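when you get a sec, could you give me coordinates for this:
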Amino acid sequence: MEQQPAPRQKILLVDDTPTNLVILGDELQHEYEVFVATNGFHALKMVSTNPPDLILLDIMMPTMDGYEVCRRLKDDPETSGIPIIFITAMDAEEDEARGLEAGAVDYITKPFHLPIVRARVRTHMELKRKTDILQTLSSRDGLTGLFNRRRFDEVLDLEWRRAARKRQSLSLILLDIDEFKGYNDNYGHLAGDQCLQQVAAIMTSSLRRACDFLARYGGEEFVVVLPDTDVDQAICVAEQMRQAVAKQHIEHAFSHVAPYITISVGVVSSKPGYAIQHQELLELADQAMYRAKNSGRNCVVSRVLPHNST
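I've put the predicted structure just below:
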């Protein structure tokens, strides 16, 4: 199969002077996918909907200057990792120091010397690419290829904050392969690893939305984060996953549940509020999962939580 070319990296240009946007855009569009914004508010909105790999940000803009835009981006965990290069007519050392202290990775002065702009952008884009690769490797489970517990903790925190801002439901699914110790003891750990890989692939194919997040929680446990999903919708997803695993009939002759691999699933859903923290949501999902095990396994147990309406 012919390998698809890597998507072009994205760069956002932010400047209230259209001429500057044209000059920079013409210079950079041959190597990168270029987007433009003419003020700070527009820039923040664009970043939230289509995060770029790099931002070239003018400092002197009306209403909201580049320092404030940079501060807001760096204060948000979802955008704090995007590198920012300040572009400005100011060249005093104290201005440059302020920009770097604000979180910028570089500083370009006007009028532009385009070869220098191009070289600096290329350097920071390459650093961003390598950083992204390292972050991907550090966030993946080596056996199943799913995201790992560390990445799950980060995503749950981000989605909890997002749900709180948008006042949306957030659901969590925690599931465990039934009697997996017996599978490992009788079939061997190599077969156990293959079983985990099969189950991971089945659950991955069961999810339909790009925003749904699946991770290996640890051992034979897996977790799913479902943004903007109420308890009924989450139960449907959980039941589809349970049925999909059972239908594969992965042999487990030593199970007391069925002659094939099954899973027990806990579901919890809540609209975030001050009455509960996201870690408590995880604990309640764990309790629901164990109630599923105590109810005979190979089933889904759910719980919906009240939310703060103030």
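
three-state assignment of Leu190?
With DSSP: H, G, I helix; E, B strand; the rest coil as the basis, Leu190 sits in helix.

pLDDT score for it?
On pLDDT, Leu190 comes in at 96.

how much space between it and Asp176?
Taking C-beta to C-beta, to the nearest Å as the measure, Leu190 falls 21 Å from Asp176. The way it works is simple: take the backbone N, C-alpha and C, and place the C-beta from them, glycine included.

convert the C-alpha atoms of stretch 176-194 to PDB, please.
In PDB, the C-alpha atoms belonging to stretch 176-194 read as follows (Å, rounded to 0.1, in the frame of the first residue of the first chain):
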ATOM      1  CA  ASP A 176     -12.400  -5.300  33.100                       C
ATOM      2  CA  ILE A 177     -11.900  -8.600  31.300                       C
ATOM      3  CA  ASP A 178     -13.600 -11.300  33.300                       C
ATOM      4  CA  GLU A 179     -11.400 -13.900  35.000                       C
ATOM      5  CA  PHE A 180      -8.400 -12.800  33.100                       C
ATOM      6  CA  LYS A 181      -6.000 -14.300  35.700                       C
ATOM      7  CA  GLY A 182      -7.400 -17.700  34.900                       C
ATOM      8  CA  TYR A 183      -6.800 -17.000  31.200                       C
ATOM      9  CA  ASN A 184      -3.200 -16.100  31.800                       C
ATOM     10  CA  ASP A 185      -2.600 -19.000  34.200                       C
ATOM     11  CA  ASN A 186      -3.900 -21.600  31.700                       C
ATOM     12  CA  TYR A 187      -3.100 -20.200  28.300                       C
ATOM     13  CA  GLY A 188       0.100 -18.500  29.200                       C
ATOM     14  CA  HIS A 189       1.200 -14.800  29.300                       C
ATOM     15  CA  LEU A 190       1.900 -14.600  25.500                       C
ATOM     16  CA  ALA A 191      -1.700 -15.700  24.800                       C
ATOM     17  CA  GLY A 192      -2.800 -13.200  27.500                       C
ATOM     18  CA  ASP A 193      -1.000 -10.400  25.700                       C
ATOM     19  CA  GLN A 194      -2.600 -11.400  22.400                       C
END
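
quick one: contacts of it?
143, 195-196, 199, 219-222, 252-257, 261-264, 289, 293, 297-298 (C-beta atoms under 8 Å, 6 or more residues apart in numbering).

that older thread, Leu190 and Asp176 - which one has more neighbours?
Asp176 (22 against 9; other C-beta atoms under 10 Å).

so what's Ile250 closest to, chain neighbours aside?
In space, and not counting its chain neighbours, Ile250 is closest to Ile261: 4.0 Å by C-beta to C-beta, 6 or more residues apart in numbering.

burial measure for that neighbour, as a count.
Neighbouring residues of Ile261 were enumerated by other C-beta under 10 Å; the total is 25.

ramachandran coordinates for it?
The phi/psi pair for Ile261 (degrees, to the nearest 10) reads phi -70, psi 130.

residues contacting it?
Shown here is Ile261, whose contacts under the criterion C-beta under 8 Å, 6+ apart are 177-178, 183, 195, 199, 245-246, 248, 250-252, 255.

quick one: low-confidence residue ranges for the stretch 1-150 of the chain.
By pLDDT under 70, the weakly predicted segments of the stretch 1-150 of the chain are 1-6, 90-95.

redo that, cut-off 80
The stretch 1-150 of the chain contains residues with pLDDT under 80 at 1-6, 89-97, 99, 136.

do the stretch 151-300 of the chain as well
Where the stretch 151-300 of the chain drops to pLDDT under 80, the residues are 271-278.

tell me which stretches of it form helices.
Here the stretch 151-300 of the chain has its helices, by DSSP state H, counting those that start in this stretch, at 180-187, 189-206, 231-247, 278-294.

from the chain's centre, how far out does the second one sit?
I take that to be helix 189-206. 22 Å (C-alpha atoms, centre = their mean, to the nearest Å).

and it with helix 180-187, angle?
130 degrees (axes from the mean of the first three to the mean of the last three C-alpha atoms, to 10 degrees).

what's the nearest residue to the one residue sitting closest to the centre of the chain if we skip its chain neighbours?
In the chain, the centroid-proximal residue (C-alpha atoms, centre = their mean) is Val155; its distance is 5.4 Å. Spatially, and ignoring its direct neighbours in sequence, Val155 is nearest to Phe213 (5.1 Å; C-beta to C-beta, 6+ apart).

what's opposite the one you found in the beta bridge?
Note on Phe213: beta-bridge partners by DSSP bridges are Val225.

what do you get for Leu12?
Beta-bridge partners recorded for Leu12 (DSSP bridges): Phe35, Ile55.

from memory it sits against Lys45, does it?
No: if you go by C-beta atoms under 8 Å, Leu12 and Lys45 don't touch, sitting 11.0 Å apart.
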